[in-house]
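Enquirer: Starting from these lines, generate the structure:
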Amino acid sequence: MKRPEKEPSLIRGSIATPSLVAGIMNAKYVNGMPLARQEREFARYDLDLSTKTMANWIINCADRYLKPLYQLMKEELLESRYIHCDESRIQVLGEPDQKGTPQNWMWVYLTDESSGSPQMVLFDYERTRAGYHPVNFLRDGFHGYLTCDGYQAYHSLGEGIIVSGCLTHARRRFDAALTALKKDFTKEQLKETVAYQAMSRIGILYKIEEMIHDKTPEEKYEERQKQSRPVMDALFEWLRTMEDSVDRSSLIGDAILYTLNQEVYLRRYLEDGHLSIDNNSAERALKNFAVGRCNWLFAKSVRGADASALVYSITEMALLNYLKPYAYLTYILDELRKMGAFPKEEELKKLLPWSEDLPEYCRTKLKK
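Expert: Sure thing, here's the model as predicted:
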């Protein structure tokens with residue numbers, strides 16, 4: 001008699017399977033469905049799966065299976081010369097020595113379609129918004145351009161990191177000033193305001209980016225020198241004429257001074273055709289996280305927040321690379337389960353979202 005080898009379980013002593021855990025992760029992190037709501041849905045079909053059980057499955061699988069893949073992705077990200085960074089609030093109840101309802105932070109780092117690198121997005125949970133968090137994350141080898149908003153912490157990341165600004169953040173300030181005037185001004189009067197004219201000038205820069213979107217980085221650089229640089233020069237020369245006379249406490253004063261203070265960083269995208277005019281890619285990467293946060297409200301533990309960072313990284317990267325998140329999660333959990341405790345790097349590389357070795361059923365023709 002021959003006894004077939006028993007396949008290792010996903011979680012020892014548990015009924016959890018790759019497809020079941022992948023379904024729970026997909027529901028929460030892609031579709032924003034809290035675990036408590038999933039528990040009620042399972043109960044309708046006479047399945048007894050508690051919120052605590054599902055949370056433990058996510059934490060265990062993220063730590064055991066997804067973390068090695070995350071580390072490999074991070075190594076790949078740090079080799080890129082062009083990345084984006086942003087951060088968003090998250091409340092973690094289990095943070096030690098915290099009082100009241102403090103806000104913790106989820107940081108996101110990614111490459112965009114113009115970077116010349118694979119499409120990557122990595123989430124990183126940290127207790128605070130302190131500037132040493134991106135320093136620690138990037139210090140393992142990143143050297144290049146970092147596109148971000150005007151948060152001061154990004155401007156002291158050390159040698160080898162060149163900060164590029166976000167023109168969308170400047171535009172929003174002028175838009176806020178214009179919106180405040182709409183109730184008292186006619187359409188013709190609004191066109192004469194500084195806010196309207198500033199937005200029109202910025203709009204020209206975005207129109208140029210729209211026209212050169214499909215060009216190579218080298219062609220983008222040439223077009224920006226011919227078309228965008230004169231517009232940018234004229235914009236800042238015009239803003240400087242109002243710097244001393246503007247009311248600094250007003251909305252338009254805030255917009256003008258913010259834009260002038262960020263001039264060095266806002267101009268930087270003109271230096272290299274790989275760079276983006278704004279940080280919208282990072283904001284889009286945080287969209288699912290922000291929607292989910294409105295539903296599940298908080299994380300109960302630090303381990304839960306860390307696990308969420310890992311799963312969001314995997315699911316958002318799947319979307320960026322036109323994969324079906326549920327199918328991809330099921331596949332990698334099943335493959336990682338078979339690999340055992342110490343998977344080889346060449347085996348892990350076959351599971352990366354941009355790998356050509358992924359099965360066709362993981363791919364989708366639909367864009368994110």
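
Enquirer: quick one, phi/psi of Ile212?
Expert: Main-chain dihedrals, Ile212, degrees, to the nearest 10: phi -100, psi 10.

Enquirer: quick one: low-confidence parts of the stretch 1-150 of the chain?
Expert: 99-102 (pLDDT under 70).

Enquirer: can you give me the helices for it?
Expert: Here the stretch 1-150 of the chain has its helices, by DSSP state H, counting those that start in this stretch, at 18-25, 35-44, 51-61, 67-78, 132-138.

Enquirer: buried stuff in stretch 318-325?
Expert: Buried residues in stretch 318-325, counting neighbours by 16 or more other C-beta atoms under 10 Å, are found at 318-325. The C-beta positions use only the backbone N, C-alpha and C, and glycine is treated the same way.

Enquirer: Quick check: what element follows the helix or strand where Leu310 lies along the chain?
Expert: Using DSSP states H and E, Leu310 falls within helix 302-320. Sequence-wise, the next helix or strand downstream of helix 302-320 (DSSP H and E) is helix 325-339.

Enquirer: so what does that next one touch, helix or strand wise?
Expert: In this structure, helix 325-339 packs against helix 18-25, helix 67-78, helix 302-320, with contacts taken as 3 or more C-beta pairs under 8 Å, 6 or more residues apart in numbering; DSSP states H and E.

Enquirer: Identify the spatial nearest neighbour of Ile24, chain neighbours not counted.
Expert: In space, and not counting its chain neighbours, Ile24 is closest to Met54: 5.2 Å by C-beta to C-beta, 6 or more residues apart in numbering.

Enquirer: nope, Ser80 is what I meant
Expert: Here the residue nearest Ser80, using C-beta to C-beta, 6+ apart, is Ser117, at 4.0 Å.

Enquirer: just Tyr265 next, same as before
Expert: Using C-beta to C-beta, 6+ apart, the closest residue to Tyr265 is Gly165 (3.1 Å).

Enquirer: residues contacting the residue nearest to Ser80?
Expert: 76-77, 79-80, 82, 111 (C-beta atoms under 8 Å, 6 or more residues apart in numbering).

Enquirer: Quick check on the residues you listed: which are buried?
Expert: Buried members of these, scored by 16+ other C-beta under 10 Å, are 76-77, 80, 82, 111.

Enquirer: Give me the most central residue, the chain.
Expert: Ala285 (3.5 Å; C-alpha atoms, centre = their mean).

Enquirer: Which two of the contacts of Ser117 have the greatest separation?
Expert: Spatial extent of the contacts of Ser117 (C-beta to C-beta) is set by the pair Glu76 and Tyr82 at 13.2 Å.

Enquirer: Look at Phe185 and say how many residues are nearby.
Expert: Neighbours of Phe185 under the rule other C-beta atoms under 10 Å: 15.

Enquirer: which residue sits closest to Phe142, ignoring its sequence neighbours?
Expert: With C-beta to C-beta, 6+ apart, the residue lying closest to Phe142 is Leu78, at 4.5 Å.

Enquirer: My guess is that neighbour contacts Leu146. True?
Expert: No. In this structure, Leu78 is not within contact of Leu146 by C-beta atoms under 8 Å, at 11.6 Å.

Enquirer: what touches both of those two?
Expert: Leu138.

Enquirer: thinking again about what came up before, nearest to Glu219, of the contacts of Ser117?
Expert: So of the contacts of Ser117, ranked by how close each gets to Glu219 (C-beta to C-beta), first place is Tyr82, at 16.6 Å.

Enquirer: show me the contacts for Asp46.
Expert: Counting by C-beta under 8 Å, 6+ apart, Asp46 has no contacts.

Enquirer: sorry, that was for Phe42
Expert: Phe42 neighbours (C-beta under 8 Å, 6+ apart): 48-49.

Enquirer: Then Tyr29?
Expert: Counting by C-beta under 8 Å, 6+ apart, Tyr29 touches 288, 292, 308, 311-312, 315, 325.

Enquirer: 10 Å instead?
Expert: By C-beta atoms under 10 Å, 6 or more residues apart in numbering, the contact set of Tyr29 is 58, 288-289, 292, 296, 307-308, 310-316, 325, 329.

Enquirer: Quick check: PyMOL command selecting the buried ones in these.
Expert: With 16+ other C-beta under 10 Å as the criterion, this PyMOL line picks the buried residues out of the contacts of Tyr29:
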select buried, resi 58+288+289+292+296+307+308+310+311+312+313+314+315+316+325+329
